[in-house]
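K.L.:
My questions are about this predicted structure, shown below with the sequence.
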Amino acid sequence: MKKALSYSTAVILALSLICAPALAAPEAGDVIGEWFLISMEMEGLTINPASFGLEMSLALSDGGEASLFATGEDVMIGTWSIEGGQVIVDAGDALAFDYTDEGKLVCDQDGSKLYFSRDQSDSILAEASPILTGAALADFDGAWRSHEMDITGTRVPAEAMGFDIDLSIQGGTVKFAVLGVEEELQGSFADGALTVVADSDGEERTMAFVLHEDGTLSTEIEGFRVYFKSVD
């Protein structure tokens, strides 16, 4: 099972395949206002900047003034304009922003792409639903399939990983099907969590499954939290 649950390489390859957004030609009215950094792409990996305590905002006024703020830096004041279908911000160094048809601003800076949104609470994928309190063992029974994975604070579809996990749970017994490998483990239930222990080449790996208020199931595997949806 150790081989079946080794995700690190698959994670990087899958995230590098995330499609680039389509671009649009912006007008002044499309971009005037305040923008917030919501995601970054670095070496093919998409990350949530909030996971690293990084905040950045950009304000564009209708008078052509721009201000740029980043965590740990002084606010930079400059100007902005639309040239060649891009938003050009000059606050000491000129930065070129593309405008996407989803209403986002994207800046390619030293090989890294920075994505800005008008909504500071906007995220790459929706946040996880709260853990269900008071869950009973019978609530875990059924068939489940991997749905999403949380990678350094970023939720990505499990399908994009090309790495499906099927679970069948009945009375505390958990049957796994991963990359053609099947395994059955007897779990223990306490405090709303169903826990199983897998022995992989003499190394024990503990997985605690919990239910969420939106009906999903999750557990941590090899440092990543994996979310499952019911397929019953």
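P.N.:
All right, it came through fine.

K.L.:
so G134 is in which element?
P.N.:
Applying DSSP states H and E as the criterion places G134 outside every helix and strand.

K.L.:
Surely it is in contact with G192?
P.N.:
Yes. Under the criterion of Cβ atoms under 8 Å, G134 makes contact with G192 at 6.7 Å. Placement of C-beta: from N, CA and C, glycine included.

K.L.:
Compare those two (neighbour count), which wins?
P.N.:
G192 (18 against 7; other Cβ atoms under 10 Å).

K.L.:
Can you name the residues that contact the more buried one?
P.N.:
With contact taken as Cβ atoms under 8 Å, 6 or more residues apart in numbering, G192 is in contact with I131, L132, T133, G134, A135, V210, L211.

K.L.:
one more time with 6 Å, if that's ok
P.N.:
Residues in contact with G192, defined by Cβ atoms under 6 Å, 6 or more residues apart in numbering, are A135.

K.L.:
residues near D232, how many?
P.N.:
For D232, the tally of surrounding residues (other Cβ under 10 Å) stands at 6.

K.L.:
ok, for it, nearest residue in space, not its chain neighbours?
P.N.:
Taking Cβ to Cβ, 6 or more residues apart in numbering as the measure, D232 lies nearest to G142, with 4.5 Å between them; neighbours along the chain are not counted.

K.L.:
Per-residue pLDDT of that neighbour, please?
P.N.:
For G142, the pLDDT comes out at 97.

K.L.:
gap between it and R225?
P.N.:
Note on G142: its distance to R225, by Cβ to Cβ, to the nearest Å, is 20 Å.

K.L.:
Give the residue farthest from the middle of the protein.
P.N.:
G63 (36.1 Å; Cα atoms, centre = their mean).
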